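# Provided below are the primary sequence and the corresponding predicted coordinates.
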Amino acid sequence: MKNSWHNFTDYLNELPISEKAKPFYVSWVKKALSWHNKAQKKSELSPISENNRKRFIKFLETRYEPWQVAQAEEAIKLYNYFISSVQTSSPEKPDQAAWSYIKEEACRLMRLRHLSYRTEKTYLSWIERFQKFTSSKAPARLTAGDFQNFLTHLAVERSVAPSTQNQALNALVFLYKNVLQQDITAAIDAVRAREKRRLPVVLEKEEVEQVLQYMPYPYYLIAGLMYGGGLRLSEALNLRTKDVDFEKRQIIVRAGKGDKDRVTILPEKLVDPLWEHLQKVRQLYEFDREENLPGVHLPEALARKYPNAGKEWAWFWLFPSPKLSVDPRTLTVRRHHLYPTSVQRAFKKALAKAGLEKPANVHSLRHSFATHLLEAGYHIRTVQKLLGHKHVQTTMIYTHLACQKLLKVQSPLDR
């Protein structure tokens, strides 16, 4: 395929860019090339280097509006991706053996860092898609450009959701940083999927109570902890018996999102039901010990240091599954905690029985926890700590939902 302006224009026509904007995209690229006195043939194009791109954008920032600068930057990124995709150099020779090693090493390092099995599967899936995108190019020859082109491919040609692209980005950053040991910090500015910020779905307090009434045991306890303590579903399911402090009315969330520990509220209403639940769980624990079953799953480092800790009551799941299952990592038959899908199904059924038509899911309970605390006048920093947010800006989204009640704003139409 010939690298011509005509072909670049055809490429832009395939993208979701307005007709009015397309000529400007071409114009920005031509300015970038001519500004650096590139000796270009009339029909052949060449990529704009990262250094020249940054210098050109810096030049534009002193003369144009921010939206024009952003448009120019996106145009150059699209142009560079177009050039990389049509270059006629001979394809790399596939290196399947090296990729097998890379994936095994990535898996080993993820387990050393105690990443969840779900994260492990997700990262390996993206690494395999990246391998396919590069035609199994030798890992030793991978560059930051390959990383950037793949993310651009996802954002521009696949039009993936921002959350999906962030998954891919996190997986490849892990691959480059920990396995390939390459610094790609400067390359993480590939064309991103456009962010669509949406406010979370929040239930009123009465609606939460209605839903909880229709959730069967033990799912109403899990839902109650999510609403009453602001837990994520994964955090609630990963609780151990030792993580409930009845005396202090606290729940200890260990290795939550970002591998951080935190303390949150044990609702008074759940103290007695949770205590009764523990007596039933104890019976299941005693059955496993009588059957001499393997202990529950533990973090790898802890399991190596204390190989029998998984058989101790303190480490037993607070919400164990009634059935045994195969540990996908070790192929050991042991007892796991309840599956997230079972809780999600119970919530959906309860939502329908309560006659609520909001597009809520089980995570809406955590959103409702944060919003209702802010409406009650609690400081946003307090809510941030209870939620386990690293940055207060993440917690700020709930102020948009709570501000009307907090400020007692009345619409002028209602006066």
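Yep, that arrived. All figures in this text were calculated on a predicted structure; none of them were measured in a lab.

# next SSE after the helix or strand harbouring Phe287?
Following DSSP states H and E, one finds Phe287 within helix 271-290. Using DSSP H and E, the helix or strand that follows helix 271-290 in sequence is helix 300-305.

# what sits against the nearest residue to Met396 once chain neighbours are set aside?
Distance criterion CB to CB, 6 or more residues apart in numbering; nearest residue to Met396, sequence neighbours excluded, is Ile380 at 7.1 Å. Using the backbone N, CA and C atoms, a C-beta is placed for each residue, glycine as well. Applying CB atoms under 8 Å, 6 or more residues apart in numbering to Ile380 gives the contacts 374, 392, 395-396, 399.

# at 7 Å what do you get?
374, 392, 395, 399 (CB atoms under 7 Å, 6 or more residues apart in numbering).

# Ok, Tyr176 next?
Going by CB under 7 Å, 6+ apart, the list of residues near Tyr176 reads 147, 182, 184.

# switch the cut-off to 6 Å
Tyr176 is in contact with 182, 184, counting by CB atoms under 6 Å, 6 or more residues apart in numbering.

# any idea how far it is from Leu212?
45 Å (CB to CB, to the nearest Å).

# try Ile17
Distance, Ile17 to Leu212, using CB to CB: 48 Å.

# which of the two has more neighbours?
Ranked by neighbour count (other CB atoms under 10 Å), Ile17 and Leu212 place Leu212 first, with 20 against 17.

# Can you give me the neighbour number for the spatially closest residue to that one that is not a sequence neighbour?
Setting aside the residues directly before and after it, Leu212 is nearest to Tyr220 in space (CB to CB, 6+ apart), at 5.3 Å. Residues near Tyr220, counting by other CB under 10 Å, number 19.

# what's the pLDDT at the residue nearest to Asp146 when sequence neighbours are not counted?
Once flanking residues are discounted, Asp146 sits nearest to Thr134: 5.6 Å by CB to CB, 6+ apart. For Thr134, the model assigns a pLDDT of 91.

# I'd guessed Ala360 sits against Val202; true?
No: the pair Ala360 and Val202 fails to qualify as a contact (CB atoms under 6 Å) at a distance of 8.2 Å.

# where does Arg63 land in three-state SS?
coil (DSSP: H, G, I helix; E, B strand; the rest coil).

# next helix or strand past the biggest strand by length in the chain?
Identified as the longest strand of the chain according to DSSP state E is strand 320-326. Once strand 320-326 ends, the next helix or strand along the chain (criterion: DSSP H and E) is strand 333-337.

# Sheet partners, orientation included, of that following strand?
Strand pairing for strand 333-337, determined by DSSP bridges: strand 320-326 (antiparallel).

# For the strand it pairs with, give me every contacting residue.
The contact list for strand 320-326, computed with CB under 6 Å, 6+ apart, reads 284, 333, 335-338.

# repeat that for 10 Å
With contact meaning CB atoms under 10 Å, 6 or more residues apart in numbering, strand 320-326 is reached by 218, 237, 241, 280-281, 284-285, 288, 291, 293-294, 296, 332-339, 342.
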